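> would you be able to build a 3D model of this:
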Amino acid sequence: MKILFASEIEKPDFWFPLLQQALPKDQFVVEPDESVDIALVATPPAGTFARLNNLKLIQSLWMGVERLLADPQLPSGVPLARLVDPGMVSAMAETVLAHVLDWHHHHYTYRRYQAEQKWFRHRQFLASDRTIGILGLGQLGSHVAGRLLQLGFNVVGWSRRPKQLDGVRFFSDIEEMMGATDALVCLLPLTDKTRGVINQRTLGKMKPHGCVINVARGGHVVTADLLAALDSGHLRHAYLDVFEQEPLPKESPLWRHPGVTITPHTAALTEPRTAVPKIAENVDRIRRGQPALNLVDFEAGY
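Okay, the predicted model is just below:
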């Protein structure tokens, strides 16, 4: 098969040796043409899909696909697969745990105290004193929930489809879940229905003195409402890895707010060493005439 690699962010230099080793019978190219069978894409250059008229599969190199779905040239009738990369799933859980523990042990405050040369101790809490609410219980959310449970935290969650996960209390209503939540973790796909889900109303339902951890998409958060919750003291801290505009503009108040920790969309990067076997599996399935794994539900938007 002829396989196109098209991305303005992911670089082929690291990917190609691994792809060629996993799929030695296939040809890999970086220029689109009508003979391409499968497109491996992540923020492909504008116009990429216009020249791909015989595609059997579009394989995203990322888990999120909202940008691909918004591309007006995305060919209709061609299956689109999300990439569920085990390395990225593990990295996401590690990032969430790091932020939860940073808040749980007051380290975000102690860093400020160090700069002020201030010696003051906050009350110690047990993990079982805290309830972590997870928005989105797919592969990422389920894995994160399991890791949090191992540490002794209480875990509640919400997702569009009902989920039964051992040890996790599932809520069908977001606001009810927020009422049980000390620390909120957003792992939702971004759709019309989830945009702005972290807003004045939902934040106001949370238990006081908690934190928000957004490692999904910037569009999930109404920034002004989040800052207001921090300024009022209702929220203690926010850990933000994703933003509506990236890179985050220098004039954004988020940069300077003492209650915000910013990372540059690094919570979980696709790891080619663990992602390539998943890509190869889908390529082989297409070769055998089978449907690819992790196909996008176009109606749901993910």
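
> quickly note the distance from residue 96 to residue 277.
Distance, residue 96 to residue 277, by Cβ to Cβ, to the nearest Å: 24 Å. The C-beta positions use only the backbone N, C-alpha and C, and glycine is treated the same way.

> all strands of the stretch 151-300 of the chain, in order?
For the stretch 151-300 of the chain, the strands defined by DSSP state E, counting those that start in this stretch cover 154-158, 168-170, 183-186, 210-214, 235-240, 260-262.

> could I get those strands as TSV with distance to residue 64?
Below are the strands of the stretch 151-300 of the chain laid out as TSV (distance: least, Cβ to Cβ, whole Å):
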stretch	distance to residue 64
strand 154-158	19
strand 168-170	23
strand 183-186	13
strand 210-214	13
strand 235-240	16
strand 260-262	19
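
> with mean neighbour count as extra columns, can I get those in CSV?
Formatted as CSV, these follow (neighbours: other Cβ atoms under 10 Å):
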stretch, mean neighbour count
strand 154-158, 22
strand 168-170, 16
strand 183-186, 26
strand 210-214, 25
strand 235-240, 23
strand 260-262, 18
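
> which residues in the stretch 1-150 of the chain form helices?
Applying DSSP state H, counting those that start in this stretch to the stretch 1-150 of the chain gives helices spanning 12-22, 66-69, 86-104, 107-116, 139-150.

> where along the stretch 151-300 of the chain do the helices fall?
Assigned by DSSP H, counting those that start in this stretch, the stretch 151-300 of the chain shows helices spanning 174-179, 200-205, 223-231, 272-287.

> what's the closest of those to residue 241?
Among the helices of the stretch 151-300 of the chain, helix 223-231 comes nearest to residue 241, with 13.6 Å by Cβ to Cβ.

> which elements pack onto the closest one?
helix 200-205, strand 235-240 (3 or more Cβ pairs under 8 Å, 6 or more residues apart in numbering; DSSP states H and E).

> need these in CSV with mean pLDDT and distance to residue 257, can you?
As requested, the helices and strands packed on helix 223-231 are arranged in CSV below (pLDDT from 0 to 100; distance: least, Cβ to Cβ, whole Å):
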stretch, mean pLDDT, distance to residue 257
helix 200-205, 98, 15
strand 235-240, 98, 8
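
> residue 284 is nearest to which of those?
strand 235-240 (38.7 Å).

> with only the CA atoms kept, save that closest one in PDB.
Output of strand 235-240 as PDB, limited to C-alpha atoms (Å, rounded to 0.1, in the frame of the first residue of the first chain):
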ATOM      1  CA  LEU A 235     -11.000  27.400  43.500                       C
ATOM      2  CA  ARG A 236      -7.500  27.100  44.900                       C
ATOM      3  CA  HIS A 237      -5.600  26.400  41.600                       C
ATOM      4  CA  ALA A 238      -6.000  25.500  37.900                       C
ATOM      5  CA  TYR A 239      -3.600  23.400  35.900                       C
ATOM      6  CA  LEU A 240      -4.000  24.200  32.200                       C
END
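
> quick one: that strand to helix 223-231, angle?
140 degrees (axes from the mean of the first three to the mean of the last three Cα atoms, to 10 degrees).

> redo the helices of the stretch 151-300 of the chain as TSV? Include mean neighbour count and distance to residue 255.
Formatted as TSV, the helices of the stretch 151-300 of the chain follow (neighbours: other Cβ atoms under 10 Å; distance: least, Cβ to Cβ, whole Å):
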stretch	mean neighbour count	distance to residue 255
helix 174-179	18	27
helix 200-205	16	21
helix 223-231	17	12
helix 272-287	18	31
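
> phi, psi of the residue most central in space within the chain?
Nearest residue to the geometric centre of the chain (Cα atoms, centre = their mean): residue 216, 3.6 Å. Phi and psi for residue 216, reported as degrees, to the nearest 10, are phi -100, psi -90.

> please tell me how far the nearest residue to it once chain neighbours are set aside sits from residue 255.
Leaving out its chain neighbours, the residue that sits closest to residue 216 by Cβ to Cβ, 6 or more residues apart in numbering is residue 186, at 4.6 Å. For residue 186, the distance to residue 255 (Cβ to Cβ) stands at 20 Å.

> cheers, nothing more for now.
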